[in-house]
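Participant: Just to be clear, the model below is a prediction. Sequence and coordinates:
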Amino acid sequence: MTIDPAITAQEKPTVVLVHGAFAESASWNGVIEQLRGDGHPVIAAANPLRSLRYDALQLRSVLDQVSGPIVLAGHSYGGSVMSVAADGHPGVRALVYVGSFLLEEGESTGELAGKFPGNELGSALDPVPVPDGNGGTVTDLYIQPEKFRRVFAADVPPEVAELMVATQRPITSEALEEKATAAAWRTIPSWTLVTRQDLAVPAEAQVFMAQRARSTAVEVDASHAVAVSRPGAVADLIAEAARATAG
């Protein structure tokens with residue numbers, strides 16, 4: 001993947017977006033439209049959802065190809081990935097967590113998802129064993145189609161939620177259990193969009209993580225799929241982070 005220097009040389013920082021589990025890069029489309037309209041170059045990175053270490057290495061390779069300052073935004077498990085990938089990266093000026101995880105070193109995504117009551121996602125998952133390419137197997141997790149909209153995207157129009165069901169990307173259970181090896185929010189300013197109607201990452205958990213990280217938190221009355229249902233709120237917070245860390 002080659003990033004056009006003519007694009008990255010623009011005055012505004014490049015925004016790199018990282019989707020989480022059960023979603024894909026197109027889930028950012030509404031956010032991308034607004035950010036590009038405001039003059040930001042945008043890259044929606046493909047998150048493999050295979051293991052925290054591997055996913056972070058893939059994201060780091062994307063960050064390394066961007067010239068100039070970066071605002072990095074992650075949704076859900078994407079926040080776990082970016083906290084590891086951005087650690088020590090000289091280009092990343094701001095982190096924006098969107099209905100997301102701000103893991104401490106030694107914590108796993110699954111651990112924080114279940115730390116407070118209100119998580120209804122776990123019971124809605126179907127495990128599917130798949131080959132790992134090395135003669136063994138890993139467990140892919142999918143949201144059961146009949147439960148997808150209620151637990152993941154309750155404020156998304158039904159017809160859009162149906163498309164999201166058809167395009168959902170599975171994550172391995174191993175990725176959710178893997179412990180973080182870095183916490184970039186310790187050295188990089190962060191912002192958090194707390195999704196008050198979230199049944200995947202309970203709002204109480206999001207507030208706890210944001211307060212612990214001294215992250216600037218903004219609340220929105222939205223489901224876990226906030227990038228789809230409230231793209232303006234997401235883009236506005238990213239733009240705020242870009243302005244606050246400019247120069």
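Facilitator: Done, it's in. Numbering: from 1, shown residues only.

Participant: dump the residue contacts of Pro48.
Facilitator: Shown in contact with Pro48 (CB atoms under 8 Å, 6 or more residues apart in numbering): 54-55, 58. Where you see a C-beta, it was placed from the backbone N, CA and C, and this is true even at glycine.

Participant: Dump those into TSV; add pLDDT and secondary structure as well.
Facilitator: Converted to TSV, the contacts of Pro48 look like this (pLDDT from 0 to 100; DSSP: H, G, I helix; E, B strand; the rest coil):
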residue	pLDDT	secondary structure
Tyr54	98	helix
Asp55	98	helix
Gln58	98	helix
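
Participant: just curious, which of those residues is nearest to Ala73?
Facilitator: Proximity to Ala73 was ranked across these by CB to CB; first place goes to Asp55, at 15.4 Å.

Participant: how far away is the closest one from Gly135?
Facilitator: Asp55 is 22 Å from Gly135, where distance means CB to CB, to the nearest Å.

Participant: again with Gln144
Facilitator: Taking CB to CB as the measure, Gln144 falls 29 Å from Gly135.

Participant: Between the two, tell me which one has more neighbours.
Facilitator: Set Gln144 next to Gly135 and count neighbours by other CB atoms under 10 Å: Gln144 wins out with 12 against 6.

Participant: Isn't the more buried one up against Leu125?
Facilitator: Yes: contact criterion CB atoms under 8 Å: Gln144 and Leu125 qualify, at 7.2 Å.

Participant: What is the neighbour count of the closest residue in space to Leu103 that isn't next to it in sequence?
Facilitator: Nearest residue to Leu103, sequence neighbours excluded (CB to CB, 6 or more residues apart in numbering): Ala180, at 4.0 Å. Other residues near Ala180 come to 25 when the count uses other CB under 10 Å.

Participant: Provide a list of residues in contact with Ala180.
Facilitator: So, once contact is read as CB under 8 Å, 6+ apart, Ala180 ends up touching 52, 80, 83-84, 103-108.

Participant: now those residues: which count as buried?
Facilitator: 52, 80, 83-84, 103-104, 107-108 (16 or more other CB atoms under 10 Å).

Participant: What is the nearest of those to Val201?
Facilitator: Ser80 (10.6 Å).

Participant: ok now do the closest one, which residues does it touch?
Facilitator: 52, 74, 100-101, 103, 109, 180.

Participant: which residues in this protein form strands?
Facilitator: Shown for the chain, the strands assigned by DSSP state E span residues 14-18, 42-45, 70-75, 92-98, 125-131, 137-143, 171-172, 190-195, 216-220.
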